[in-house]
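J.: give the three-dimensional model of this entry:
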Amino acid sequence: MLCANASRTDSIVAEYKDKSLDELVQLKLLNVDQRAQRLKKPHLEAQLAQIEEQLAQFKKVDEEYRTRLASEKATLEKTLSEKFETAKAEAVKEVQEKAAADSKKTLHDSLLTLSQFLRLAAARRSEEADAGLDENMALEGVLLNVYSGDENAVSTMLKLIEGSEEKTQSVSGEELQTSCKLTDPWLYLCFAAGKKLTPP
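T.: Residues are numbered from 1 along each chain as shown. Modelled structure (predicted):
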């Protein structure tokens with residue numbers, strides 16, 4: 001309604017450009033309210049322009065804020081992703097290095113045990129040992145298996161390395177009382193001394 005009245009007032013003013021607002025009121029082409037409305041128009045238009053300018057500034061600030069927020073979010077996500085990937089790579093590397101070190105130590109200890117057995121066997125053979133002792137028959141039986149160069153050799157070496165409780169066999173296949181657990185101190189001493197000792 002107000003817009004329609006304002007439009008009608010504008011049309012009358014445009015039609016009678018040579019007349020003042022007061023003259024248009026006197027001619028009863030405009031009423032007092034229309035005159036007042038027309039007088040306020042420049043002020044209202046200025047206010048509208050100011051509001052539109054402020055709105056444009058607010059939109060610009062909002063757009064800049066959203067752009068900056070998106071940029072900061074992308075940067076943060078990239079940083080967190082890089083940190084995660086770095087931490088993951090370091091963790092994987094640490095696990096791999098530990099696994100490699102553990103594997104190397106296991107191999108080292110296994111070879112050391114095998115070497116100690118072979119050293120013991122060589123030492124016993126160089127002495128005048130009682131061939132009838134259970135330990136000496138076990139030693140010869142185990143050596144025969146180790147030197148067989150087949151899967152049985154591998155199995156026997158693993159039993160030595162793992163300290164298996166499985167009973168050994170003599171060269172002739174007779175089951176003996178001595179096990180493959182050559183890492184036991186009493187058994188090592190038993191071999192070294194050339195006599196059977198009772199375990200502590």
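
J.: could you use CA atoms for every contact and neighbour count after this?
T.: Fine.

J.: tell me which element Leu44 is part of?
T.: According to DSSP states H and E, Leu44 maps onto helix 32-126.

J.: report pLDDT for Arg38.
T.: Turning to Arg38, the model gives it a pLDDT of 73.

J.: phi, psi of Cys179?
T.: Quick fix: residue 179 is Ser, not Cys. Torsion angles at Ser179 (phi, psi; degrees, to the nearest 10) stand at phi -100, psi -180.

J.: contacting residues around it?
T.: Residues counted as contacts of Ser179 (CA atoms under 8 Å, 6 or more residues apart in numbering) are Ala138, Ser164, Glu165, Glu166, Lys167, Thr168.

J.: leaving out chain neighbours, which residue sits closest to it?
T.: Nearest residue to Ser179 in three dimensions, chain neighbours excluded: Lys167, at 4.3 Å (CA to CA, 6 or more residues apart in numbering).

J.: and Gln177, by the same measure?
T.: Lys167 (6.0 Å).

J.: now do the contacts for that neighbour.
T.: Neighbouring residues of Lys167 by CA under 8 Å, 6+ apart: Glu175, Leu176, Gln177, Thr178, Ser179, Cys180.

J.: doesn't Gln177 fall inside a strand?
T.: Yes - judged by DSSP: H, G, I helix; E, B strand; the rest coil, Gln177 forms part of a strand.

J.: go ahead and confirm it touches Thr168.
T.: Yes - the pair Gln177 / Thr168 is scored as a contact, 7.1 Å apart, by CA atoms under 8 Å.

J.: between the two, which is the more surrounded one?
T.: Using other CA atoms under 10 Å as the criterion, Gln177 and Thr168 rank with Thr168 on top: 25 against 11.

J.: from the chain's centroid, how far away is stretch 87-94?
T.: Centre-to-centre, stretch 87-94 and its host chain are 7 Å apart (CA atoms, centre = their mean, to the nearest Å).

J.: got it, and stretch 120-129?
T.: Counting by CA atoms, centre = their mean, stretch 120-129 is centred 55 Å from the centre of its parent chain.

J.: buried ones in it?
T.: For stretch 120-129, the neighbour count (16 or more other CA atoms under 10 Å) marks Leu120, Ala121, Arg124 as buried.

J.: now do the contacts for Ser172.
T.: Applying CA under 8 Å, 6+ apart, we find Ser172 in contact with Gly141.

J.: what helix or strand is it on?
T.: Per DSSP H and E, Ser172 falls between elements, in no helix or strand.

J.: quick check on it: phi, psi?
T.: When quoted as degrees, to the nearest 10, the phi and psi of Ser172 stand at phi -90, psi 0.

J.: how near is the residue nearest in space to the middle of the chain to Gln26?
T.: Centroid check for the chain by CA atoms, centre = their mean gives Lys88 as the closest residue, at 3.6 Å. Here Lys88 is placed at a distance of 89 Å from Gln26 (CA to CA, to the nearest Å).

J.: by mean pLDDT, which helix or strand of the protein comes out lowest?
T.: Least confident helix or strand, the chain: helix 185-193 with a mean of 44, by mean pLDDT, DSSP states H and E.
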